[in-house]
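Novice: pasting a predicted model and its sequence here:
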Amino acid sequence: MNGLQGTMIAVLLSLVSAAGYALAAVAQSRLASSSDGGRGALRALLARGQWWWAVGLNAAGALAHVAALHYGPLTLVQPLGALTLVAALPLGAYYARRRVTRAEWRGALWTLAGLVGLIAVTGPATPGDALSLREALVVAAVTALLIAALASGGRRHGGLGSRTQDGATPGRGTGRGVRDGRRVREGRVPGRGRGLGHATASGIASGVGSALTQTLTAALARELPGRPTAWWQTTLIAVLISAFAVGGLLLSQTAYRGGLAAPLAVVNLSNPAAAAIIGVALLGETFRAGVWGWLVAAAASMVAARGVVLLTTGAGPLPVSPNPSPVVASGQPLPSSRTDEVAAAPSPAPAPLAG
């Protein structure tokens with residue numbers, strides 16, 4: 001096989017990988033919009049076939065990405081992987097039966113440009129070593145604390161852009177909204193700000209999982225820095241990789257409750273950023289082109305941040321609930337039998353004005 005054929009196969013596999021990740025993200029987003037986020041949400045999620053389709057699509061995307069790296073260079077495959085966002089945007093809009101807004105397209109292009117710029121300079125100038133076992137455990141512990149902080153911070157503050165599940169306008173201090181002249185209970189979904197926190201945690205988990213995978217590969221080849229690892233130490237690294245992989249998947253599932261495009265963009269940005277930080281801090285790697293590489297990385301980060309802002313503010317409406325529950329003046333929901341009566345009852349005629 002000549003170089004041209006290998007490059008074509010790498011491009012094809014990269015496109016397949018991007019399509020797999022995009023379809024998985026759309027499936028996760030649709031599942032997230034139909035979930036109430038209660039205590040039994042995870043159990044209900046695992047019982048749905050659509051969730052396992054999303055898991056399978058993610059796995060297929062990862063396998064296609066690894067295969068593409070076998071046939072083509074990292075500098076070609078990684079930027080093509082950024083097309084996941086461009087593919088997911090129209091797919092998500094199609095299933096939501098709406099059009100992609102101009103702001104979303106602009107945000108996607110800004111984010112894509114920033115992501116490609118980051119990927120272009122974050123590769124190691126020289127191949128780095130794998131993490132030692134001690135470094136791997138420290139990185140895993142620090143990452144777990146960071147992920148916990150990001151997730152709990154979203155729960156405390158609720159996030160930006162929260163709205164009622166039925167599209168109603170929130171009432172002041174009442175926890176309810178108003179729609180069509182009626183007071184309705186406010187079924188709040190996680191705000192887009194909270195979704196970005198979970199998306200950041202998901203990308204970090206995936207990036208750290210990649211670094212630990214490199215460590216596991218070195219351990220299996222008995223090339224890990226320091227003394228050779230025992231079987232239980234290798235098993236421990238494998239367990240950590242599985243935990244971060246599953247955690248990243250579940251965190252992205254939660255992030256998509258606040259939308260699709262902006263959380264997906266943040267996941268794709270924080271993943272290589274986390275891997276780059278580990279490489280620079282622990283593996284002696286550096287940005288390509290020296291000081292200019294750092295400047296390009298900073299500029300690309302600003303461009304990508306601009307894209308995320310556009311995706312957040314220009315996103316289409318969140319999914320709505322078709323049957324809002326009316327609320328009586330006391331603030332308590334009516335029983336289902338009375339709900340139909342209220343809906344069917346005619347509105348009282350306005351009283352005549354006095355003299």
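Specialist: Alright, I've got the coordinates.
Novice: go through the helix of greatest length in the chain and flag the buried ones.
Specialist: Across the chain, the longest stretch assigned as helix under DSSP state H is helix 3-33. The neighbour-count check on helix 3-33 (16 or more other CB atoms under 10 Å) flags 9-33 as buried. In this view, the C-beta of every residue, glycine as well, is placed from N, C-alpha and C.
Novice: packing partners of it?
Specialist: helix 49-71, helix 74-81, helix 83-95, helix 231-255 (3 or more CB pairs under 8 Å, 6 or more residues apart in numbering; DSSP states H and E).
Novice: centre of the chain to the following helix or strand past that helix, how far?
Specialist: Per DSSP states H and E, helix 3-33 leads on to helix 41-46 as the next helix or strand towards the C-terminus. Averaged C-alpha coordinates place helix 41-46 at 18 Å from its chain's average position (CA atoms, centre = their mean, to the nearest Å).
Novice: again, but for stretch 79-97
Specialist: Here stretch 79-97 is found 13 Å from its chain centre; the criterion is CA atoms, centre = their mean.
Novice: run through who's touching it.
Specialist: With contact meaning CB atoms under 8 Å, 6 or more residues apart in numbering, stretch 79-97 is reached by 11, 14-15, 17-19, 21-23, 25-26, 29-30, 61, 65, 68, 99-100, 104-105, 108, 111-112, 115-116, 119-120, 260-261, 264-265, 268, 316, 319.
Novice: that older thread, now distance to Ala140, mean neighbour count and mean pLDDT too, for the helices and strands packed on helix 3-33, in JSON lines please.
Specialist: Output for the helices and strands packed on helix 3-33, formatted as JSON lines (distance: least, CB to CB, whole Å; neighbours: other CB atoms under 10 Å; pLDDT from 0 to 100):
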{"stretch": "helix 49-71", "distance to Ala140": "20", "mean neighbour count": "17", "mean pLDDT": "89"}
{"stretch": "helix 74-81", "distance to Ala140": "24", "mean neighbour count": "18", "mean pLDDT": "75"}
{"stretch": "helix 83-95", "distance to Ala140": "26", "mean neighbour count": "20", "mean pLDDT": "88"}
{"stretch": "helix 231-255", "distance to Ala140": "5", "mean neighbour count": "19", "mean pLDDT": "91"}
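Novice: thanks a lot, see you next time.
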